[in-house]
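Engineer: I would like to see how this sequence folds:
(2 chains)
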Amino acid sequence: MVAQILTHGRFAFLQVWKDKSMWLKVLLMLPLAEVLPLLLVGRAFLSYDQLQAFLFTNLAWCFVASVIMQCLYVFQSVTQSAKLDLLIAADGGLAGWVVGYCGMTSLVYMASAAVSCGLLGLGLGYPVSPAALLVAIGLVVPAVLALMAVVLGLCLRWARILHLVNSTLDVLQVLACVMYPLAALPAILRPAAVLTPLMWVNQYLWTGQGWTLLVALGLCLVALVAAFAWMRRCVARYRRLGNMGRSR
Amino acid sequence: MTRTLWYRYRRTLFRSPVDTVSMFVRPVILAALMVVFAAFTTSVSLAFLVASVIIVNILVNGVIGTAYEVRNDVSAGQLEVMALAPGGLWKYLRSQAYVQCGFAVAQTVPIWLIFGWTITFDVSRLLDVVVLLIATWVVAVCLAILAGARTVVVGTFTLASFSIGIAVALGGAYYPITLLPTWVQVVARANPVTYVVDALRTRLVGVEPLLATPIDLFVVVGCAVILVVIVAAFTRGFRWDLSKVVGRG
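Structural biologist: Alright, predicted model coming up:
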């Protein structure tokens, strides 16, 4: 299983390394299009004390959203081709591929997000610490892996899910307290926010309280187990029925 | 043209219920995000951010929606069909732009219904608001047509999406540019989108405009007229060479 994960990871890295347009997308286009508006909002309306936490949470969110969307495109190309059956039959199965391929994609996006968003933050007057940036992004990796497994399961279940994933990310951005701490969220939304692993990571970034990080890690573990169980169930359904969701 | 518009309308709305619902839900979620942020920061009014979401939605979703639908049609191998149809590619692009920009305006209705209570604008400015809304829509349609044309040529809508995103972000999308670093202000003042967003927003929420009233109104109407002239010139002068269009099968 470990060997398969490393193989998939190496393949993912080589694919990204050779694709120059991918580097243009992750280093320039994504940060400018996705992160710049949010950083400008923070710069305009927040006090200097709040800027660092705001940068961390939005950087982490940029990483989450871009990795999930990139993996969604890859999942759709896999599920629409013969590669799906090949991956299911391979050693390690689909889980090994998700961890290896998507894990390596995460690492690439992590590095690029830290560099490009760090530079953007510097240019806008944010207090930037490169090491702290990487730590902030690294904290959300378990949650991202869980989300990837859920998205892959949704692909197998319903095939056409782009707008569903986009809408879910939008809702998650509100519940995960990306632009504000938990105390700012309306009381009616807090029960749902409390169940969100990403919210606890962001709460740690906002407040620096260590116990919130422990809660985040615990919830991420639960989310990982549940997400991969869901993915396995969707794979089993696909193998039983031989098709995905509705026909296109 | 009416039949074309109706076909595009039906195709977009009824292709997938999930797509259609999310098309109207996503702007509301963005408005909710901004409302919570406004409550947190207290240095900006709810009305300011809600008005910003409405205006940005018209500009951005109209352009991106057009480019996205054009990309889908191009990748489905329908380029020749569109080119040979009465009116050709330009008529197709115009119909796409009208429909998608119309949807972008319709997407703001739920925002008005749910968050409209935050905006109390002076009724004496109603005529200005109507004129500016129309001018903003015309700007969105023209940009959408140009974005669609670019998408036909390159086969992907990434550039269109990126361009409008940057133009709006550096155009004071959700913030007055006077609160930003100097270098951003310099870029924003050279960006026509800044004045389009600012003029309508100041009429809706009553904040200090970048340009004196009514100069800002004439600037926005002037931008709309210039874009219409550019699109008209393009429509007459540009000859499609489909043999060189990227992404054709």
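
Engineer: following the helix or strand hosting residue A:191, which helix or strand comes up?
Structural biologist: Per DSSP states H and E, residue A:191 falls inside helix A:190-194. Proceeding N to C from helix A:190-194, the next assigned helix or strand is helix A:197-207, under DSSP H and E.

Engineer: next up, the contacts around the most centrally placed residue in chain B.
Structural biologist: Chain B has residue B:59 as the residue nearest its centroid, 1.6 Å off, counting by CA atoms, centre = their mean. Contacts for residue B:59 (CB atoms under 8 Å, 6 or more residues apart in numbering or on different chains) come out as B:104, B:136, B:139-140, B:143, B:164, B:168, B:193, B:196-197. C-beta coordinates here come from the backbone N, C-alpha and C atoms, glycine included.

Engineer: kindly report the same for residue A:117.
Structural biologist: The contact partners of residue A:117, by CB under 8 Å, 6+ apart, come to A:31, A:35, A:39, A:55, A:58-59, A:62, A:133.

Engineer: do the same with residue A:116
Structural biologist: Residue A:116 neighbours (CB under 8 Å, 6+ apart): A:26-28, A:30-31, A:35.

Engineer: can you give me the pLDDT of it?
Structural biologist: Model confidence at residue A:116, expressed as pLDDT, equals 83.

Engineer: phi and psi next, for it.
Structural biologist: Residue A:116 adopts backbone torsions of phi -70, psi -40, taken as degrees, to the nearest 10.

Engineer: please save the CA atoms from stretch A:150-163 in CSV.
Structural biologist: Output in CSV follows, covering the C-alpha atoms of stretch A:150-163 (Å, rounded to 0.1, in the frame of the first residue of the first chain):
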residue,chain,number,x,y,z
VAL,A,150,-16.0,12.7,-0.2
VAL,A,151,-15.7,14.4,-3.6
LEU,A,152,-14.5,11.2,-5.3
GLY,A,153,-17.4,9.3,-3.7
LEU,A,154,-19.8,12.0,-5.1
CYS,A,155,-18.3,11.6,-8.5
LEU,A,156,-18.9,7.9,-8.5
ARG,A,157,-22.4,8.4,-7.1
TRP,A,158,-23.7,11.2,-9.3
ALA,A,159,-21.1,11.9,-12.0
ARG,A,160,-22.0,15.6,-12.6
ILE,A,161,-21.2,17.4,-9.4
LEU,A,162,-19.2,20.6,-10.3
HIS,A,163,-21.9,23.0,-9.1
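
Engineer: and it, average pLDDT?
Structural biologist: Stretch A:150-163 shows a mean pLDDT of 82.

Engineer: with stretch A:122-142 instead?
Structural biologist: 81.

Engineer: what's that stretch in contact with?
Structural biologist: Applying CB under 8 Å, 6+ apart, the contact partners of stretch A:122-142 are A:39-40, A:42-43, A:48, A:51-52, A:54-57, A:59-60, A:63-64, A:106, A:110, A:113-114, A:117-118, A:121, A:197-198, A:201, A:204-205, A:213, A:216-217, A:220-221, A:223-224, B:180-181, B:183-184.

Engineer: and stretch A:184-203, by the same measure?
Structural biologist: Counting by CB under 8 Å, 6+ apart, A:57, A:60, A:64, A:139-140, A:142-143, A:146, A:172, A:174-178, A:181-182, A:209, A:212-213, A:215-216, A:219-220, A:223, B:36-37, B:39-40 sit against stretch A:184-203.

Engineer: what residues sit buried inside that stretch?
Structural biologist: Neighbour counts over stretch A:184-203 (16 or more other CB atoms under 10 Å in any protein chain shown) mark A:185, A:189, A:193, A:196-203 as buried.
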